[in-house]
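Sequence and predicted structure below; questions after.
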Amino acid sequence: MRRGVLVRLVAVGLAAAAVASAVAFFVPWLPTPASKQADRIDFVFWFVTGISIAIFALVVAVILYSVVRFRARPDDDSDGAPIHGNTGLEIAWTAFPAVLVTAVAVVSAVALAQNENLPKKHLQVNVLAQQFAWSFSYPKYKGLTVSALHLPLNEAVELKMRSKDVIHSFWVPQFGQKQDLVPGITTKLVITPKRLGTYPVVCTELCGEGHALMRSEAIVMKPTAFASWVKAQERAAAKASQGPSGGGPGLAVFNSNGCSGCHTFKPAGSTATTGPDLDNLPADARRAGKPLSAFVRESIVDPNAYIEKGYQPNIMPSTFKSLPKQQLDALVQFLIGGKK
Amino acid sequence: MSAHAETQHAAHPPVAHQSSRVDARTLGMFLFIASEVMLFGSFFTAYFFIRVVNHQPWPPHPFHLPVFVAFVNTAILVTSSFTMHWSLQSIKRGNRVGLQAGLTLTLLMGLTFLLTQLLEYARIGFTPHDQAFGTIFFSLTGLHGAHVLVGLTILAAMTTRAYRGHFSPEAHNGVEIGGIYWHFVDVMWIIVFTTVYVL
Amino acid sequence: MTTATTAHDELHAGAAPPPHGWRRLLAPGWLRVPWMSALFFGIGLGITLLVRWAEGWHPIWDGQVITTIELVAVPFGFLAGIGGFDYWTRYAIGSPTQPEDHSGHGAYSWRDYFRINTDHKVIGVQYVVTTIFFFVAAGLLAMIMRAELARPGMQFVGNQVFNELFSVHAALMIFLFIIPAFAGLGNYVIPLMIGAPDMAFPRLNALSFWLLPVAGLLMLSSFFVPGFGCGWTGYAPLCSTHQELGAVFFNMGVQWAGASSIMTALNFLVTIITMRAPGMTFWRLPLLVWANFTTSLLVVIATPFIAGSQFMTMFDHIMHTNFFNYEAHGYVLGYQHIFWFYSHPAVYIMMLPGFGIASEVISTFARKPIFGYRLMALSLMAILVLGFSVWAHHMFVSGMAPWLRVPMMVTSVVIAVPTGIKVFSWLATLWEGKLNFSTPMLFALGFVSMFVIGGLSGIYLAAVPIDIHVSDTYFVVAHIHYVLFGGSLFTIFAGIYYWFPKMTGRMYDERLGKLHFWLTFIGFNATFFPMHYLGIQGMPRRVSDYAPRFADLNFFISIASFFLGASTLVFLYNMIVSWARGAPAPANPWRAHTLEWQVSSPPPVFNFDEIPQVVGGPYEYGVPGARHAVFNGDRVIEEEEVNV
Ligand code: HEA
Ligand code: HEA
Ligand code: CUA
Ligand SMILES: [Cu+2]
């Protein structure tokens, strides 16, 4: 190969690499990391991106150069140079990618091991998924159960995750971590939040009709704020267990079954919008033409019996009909008690 | 829209060049058996997960497997492989009676095997939906049973042809290839028997 | 057409006269199909009811079970009716087989494409046309999907229908388009390329084709019989216990399509091993033949695994067995292991034949020998072997045994090495060539560049930490389409344009072909490149509704996808009009060396009057005096030429 050819080829290659690099750097590809694990994932991502840009630029350079330089003239019926191969080149392009992918594998393996590493001092949260709702409970705080994940800043958490029915998958894009929840086994995930804020919890494994709606939130709080949040929750729970004066035992049932993951309901302090706002239950019951308490009970045990306008059937789980009668009564009481 | 040039060409295909010593039909049968082995492989994988990965005792309480009946049945099937071999050797030597007798015996033994297995199913005391154990027991033995049925169909065709005067010392390919399948069904049973009943 | 008729009559000389009157109902063909299907329907129903009654299973009339049985019985009735089993039935009952009169061979009018035909060239055309039909159907489903996704919230379809849309879209694209389209092209050219008069088992070949419409119909109906909304991957337990009857249609569709591809693969292997022309050693095989050889090995070994996995979900569904029911000690993740043990090799089943087509096209239009021929063939074999050891890279976040991840990552990224060898060899083949940019070449070059992007995103996915972040997001959707559309489909387009003159005897319109390429190339990148970004940012796949912040980009993607869809119209128009009215094609418009170009366009019914003698490699462009093959009486073989 002549010198000039090489120079021109390298020039085309550099141009292609420059374009690709510009796309890589000026587009904000990655979400702002909110966990230590996401930082390491980002590092692997950029490492692979560097290699990819080099490979891509090489391929594009050779194609573009050949397309321009070796184009046959319309009346040229002759053949190209009868080259059958070149052992040196062939060895080079076997060995070179082998080295690069080994590097990718090593970097990935190290990052993976670090991301899985769980410090002794950590918080454990049990995650339970069902079609199509999340619930999170804190064994450390007497099994406190809520439908949005609250986490203290800079403390490693271990999520122990189970599923009631089909496979779901827990993902918070800003945390970078993802793990399936599989019926019959308990899976684990380690996250160390490092930025305050509220982030979406997304179900990423197709789990049926409501898969697109199976969302919740992960809220990272200052440790002090987290502590007072826990206190407030515990107080509410204690009050609830004392009788109908507070939320009643219904509040605990409401939170631990994931109702607050889908419904807005002021007495429970929930703000989700997948299902109808339960503060409007009396009006909805009137529209359905049923007495309030019967309507509420029916809506829980047989959600498809009446579909609120603007919402879809088969989204609300139909598993609540197996709630113990006593809990169901408490739940209904709680829902209508809030108004009347 | 015709798929060939409209000039005149030979009305018969040229004889293809035989580029391998292996006979095409035999090779085809071996490849088919390879894919059959993999089909069994997928069910053995399920078996592996259910029994080994899930740490199940085997057979789990309260199930019982009729090992003795299955053992007798195994003996019948293994014997049928020998009669199959005998029939092939017979026609190679031009002995039509041997061919016919061998095939008939093989067919009968295959039928006995299948009927015994059906009886066993009826009396075994559990069903495919009793635990994953019942599922994998019935699916492995049932998959094999389906193969016995296919094997018997092939055997029936060969036997019919044998009685209607086909096959000769020069042309016994049909017997040979059908026989390979029957031997495969037999060997597969030994593996299924060992993993499900014995181990 | 007069000469054709003569040839036809001559072929039929000695054959029995066609039946008359009611006897026509007995002859294989479309008249026999309805009553045979009905008969088999009845038999299936009868046996089912009888067994349920005898066993005391209640209710005796169970719609799900009966439908499932009929999905086996009726297709058999159809195949028997069309004549797929006539020969074997006669063989089995020992009646004298009729001497082969070759009446089932060749096509003399369009009607011959609609019956059992044993000519590999007719079957090849049948395959390609059928698969394009399913491509259009699957593409239209994607269009509905993109319309729904153009804005957040719900527009046109409900959640469940959306799930069914992408499930059937993917199932049709994979099982009824990419895999059989390659099988069709291979069917047409492999016997020609190796110098054989036909495939090793022509009747089996015909049967494999007729399984396709059956499988396709089942998969299409899985959209109309509602209930198949669990993705083409059909994960248990969602697909085994939470879906309706449509899922069973999918299960059975996979069985029929799988049976078809196993039979074709077996046929390819036997043909390639036993029917090569004299002198056609393995090291003189065109790379397309090599590619189909390795692919067929993959198919024969891997496909039974998906058959197994679909049987298991189906049994869990209709018979309430417990393969994947953890409450009864079943093992949920077992499904994924079994499924991916097929479906990862399947992605190479969908790519290796494309590699073969790219090699043919690039060598021909660069007018150069393929660079590093032997390494090209060996790297196919390396991909075959490695392909079996990477299945769990689809399961990095599935909860499987954690120690499996790093080994699977290593084997996955190592596949980049043999694939890289192929990419670099194609590039080196271009170097110092005389490049002609006809449509096939454009698609081949488009393939190389787009496949590299798709392959590199595969490396991202194989790196476990990155996969943990982007698994099950639009990043994966982008990867899928870069490798399957930018990879497989571009090579299928290249192959169709390349062999169009050979298959139809007519030239396609070059201007429209180039237009098609550029529209597709632009539309494709505009549609699928932004999906990488969506996925990394946080948009999961398989959702009908998404966060408002993704709205603008999704709107752009939807518009681009309509543009991409419309570009297909150019292709369809070009194919139909050129087939009917294109300029007659010369025998060898591309001045290629492989054997299929050494016979007329389209080739004679039996391919060759005389089997050629192969004397050199298939790509000896620019080598003075080199020839790939000589035909008897064509030229005297000289000693030194044999060794070129
Ligand atoms: C034609 C089909 C095809 C092909 C060829 C590939 C090729 C590859 N695929 Fe892909 N893949 C799919 C089709 C395909 N894939 C589909 C359909 C899915 C989704 C299934 C679903 O869930 O629905 C999927 C999903 C998928 C996943 C799972 C993602 C997830 O769900 O989380 C992974 C993970 O490892 C992966 C990896 C790879 C790799 C490493 C390759 C490699 O073979 C690529 C090798 C090629 C190159 C790397 C480019 C050329 C090489 C060079 C120029 C040399 C130099 C390169 C380097 C040094 C890096 N693929
Ligand atoms: C070979 C494989 C192949 C091909 C060619 C395509 C082609 C296309 N695919 Fe598909 N796709 C898959 C394989 C393929 N896909 C797979 C395996 C999945 C994963 C599914 C899963 O998650 O289970 C998937 C998933 C998938 C998704 C993600 C769904 C989700 O996760 O929610 C989307 C979304 O945009 C999409 C879009 C498209 C589009 C717009 C095209 C276009 O290229 C189609 C263009 C073709 C046509 C439109 C038809 C012909 C055109 C005409 C007849 C002209 C007239 C029409 C108009 C002008 C509208 N595909
Ligand atoms: Cu739960 Cu998707
Ligand atoms: Cu894969």
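In hand now; what should we look at? Numbers count the residues shown, from 1 in each chain, chains lettered A, B, ... in the order given. Ligands and ions are numbered 1, 2, ... in the order given.

residues near residue C:324, how many?
32 (other CB atoms under 10 Å in any protein chain shown). Using the backbone N, CA and C atoms, a C-beta is placed for each residue, glycine as well.

dump the residue contacts of the closest residue to it other than its chain neighbours.
Spatially, and ignoring its direct neighbours in sequence, residue C:324 is nearest to residue C:236 (3.6 Å; CB to CB, 6 or more residues apart in numbering or on different chains). With contact set as CB atoms under 8 Å, 6 or more residues apart in numbering or on different chains, residue C:236 has these partners: C:312, C:313, C:316, C:323, C:324, C:332, C:335.

Using CSV, lay out these together with pLDDT, secondary structure and distance to residue C:155.
CSV is the format used below for the contacts of residue C:236 (pLDDT from 0 to 100; DSSP: H, G, I helix; E, B strand; the rest coil; distance: CB to CB, whole Å):
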residue, pLDDT, secondary structure, distance to residue C:155
C:312, 95, helix, 37
C:313, 94, helix, 31
C:316, 92, helix, 34
C:323, 93, coil, 38
C:324, 93, coil, 34
C:332, 93, helix, 34
C:335, 95, helix, 33
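
Then the residue nearest to residue C:324 would be within a helix, right?
No: according to DSSP: H, G, I helix; E, B strand; the rest coil, residue C:236 belongs to no helix; its state is coil.

separation between it and residue C:247?
11 Å (CB to CB, to the nearest Å).

Residues that sit against both of the two, list them.
Taking CB under 8 Å, 6+ apart as the contact rule, the neighbours common to residue C:236 and residue C:247 are residue C:313.

Near ligand 3, list only the ones from the contacts of residue C:236.
Near ligand 3, judged by CB under 6 Å from any ligand atom, there are no entries from the contacts of residue C:236.

What's the PyMOL line that selects buried ones from those residues?
Listed next is the PyMOL selection for buried residues among the contacts of residue C:236, using 16 or more other CB atoms under 10 Å in any protein chain shown:
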select buried, chain C and resi 312+313+316+323+324+332+335
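
ok, and the closest non-adjacent residue to residue 98?
Looking at chain A here, since you left the chain open. residue C:417 (5.1 Å).

My question was about chain B, not that one.
residue B:90 is the one closest to residue B:98 (CB to CB, 6+ apart), at 2.7 Å.

So for the helix or strand encompassing that neighbour, what gets flagged as buried?
For residue B:90, the host element (DSSP states H and E) is helix B:67-92. Buried residues in helix B:67-92, counting neighbours by 16+ other CB under 10 Å, are found at B:69-70, B:73-74, B:77, B:80-81, B:83-84, B:86-88, B:90-92.

Helices along the stretch 151-300 of chain A, start to end?
For the stretch 151-300 of chain A, the helices defined by DSSP state H, counting those that start in this stretch occupy A:223-241, A:249-256, A:281-288, A:292-301.

sorry, that was for chain B
B:24-48, B:67-92, B:96-123, B:131-163, B:173-193 (DSSP state H).

Who are the packing partners of the helix holding residue B:90?
helix B:96-123, helix B:173-193 (3 or more CB pairs under 8 Å, 6 or more residues apart in numbering or on different chains; DSSP states H and E).

Please identify the deepest-packed of these.
Stretch with highest mean neighbour count among those: helix B:173-193 (a mean of 20; mean count of other CB atoms under 10 Å in any protein chain shown).

Helix B:131-163 and that one, what's the angle between them?
Relative orientation of helix B:173-193 and helix B:131-163, computed by axes from the mean of the first three to the mean of the last three CA atoms, to 10 degrees: 160 degrees.

tell me what helix B:173-193 is packed against?
Under the contact rule (3+ CB pairs under 8 Å, 6+ apart), helix B:173-193 is packed against helix B:24-48, helix B:67-92, helix B:96-123, helix B:131-163.

and if we set it to 6 Å?
On a contact count with 3 or more CB pairs under 6 Å, 6 or more residues apart in numbering or on different chains; DSSP states H and E, helix B:173-193 meets helix B:24-48, helix B:67-92, helix B:131-163.

Below-threshold pLDDT in the chain: ranges please.
Picking chain A for this. A:1-2, A:240-248, A:338-340 (pLDDT under 70).

my bad, the chain I had in mind was chain C
Using pLDDT under 70, the flagged stretches of chain C are C:1-18, C:97-101, C:632-644.

In the stretch 351-500 of chain C, which residue sits nearest ligand 2?
residue C:484 (3.8 Å; CB to the nearest ligand atom).

my bad, the stretch 1-150 of chain A
Closest point on the stretch 1-150 of chain A to ligand 2, by CB to the nearest ligand atom, is residue A:132, at 16.2 Å.

That residue against residue A:210, yeah?
Yes: judged on CB atoms under 6 Å, residue A:132 makes contact with residue A:210 at a distance of 3.4 Å.

which one of those two has more residues nearby?
Ranked by neighbour count (other CB under 10 Å), residue A:132 and residue A:210 place residue A:132 first, with 26 against 21.

Mind checking the helices and strands packed on helix B:67-92 for the one nearest to residue A:253?
Of all the helices and strands packed on helix B:67-92, helix B:96-123 sits nearest to residue A:253, with 47.2 Å by CB to CB.

got the angle between that closest one and helix B:131-163?
Using the same axes, to 10 degrees: helix B:96-123 against helix B:131-163 is 160 degrees.

Quick one: list the elements packing against helix B:96-123.
With contacts taken as 3+ CB pairs under 6 Å, 6+ apart, helix B:96-123 sits against helix B:67-92, helix B:131-163.

My reading is that residue A:310 lies in a helix. Confirm?
No: the assignment for residue A:310 by three-state DSSP gives coil, which leaves it out of any helix.

Good, wrapping up.
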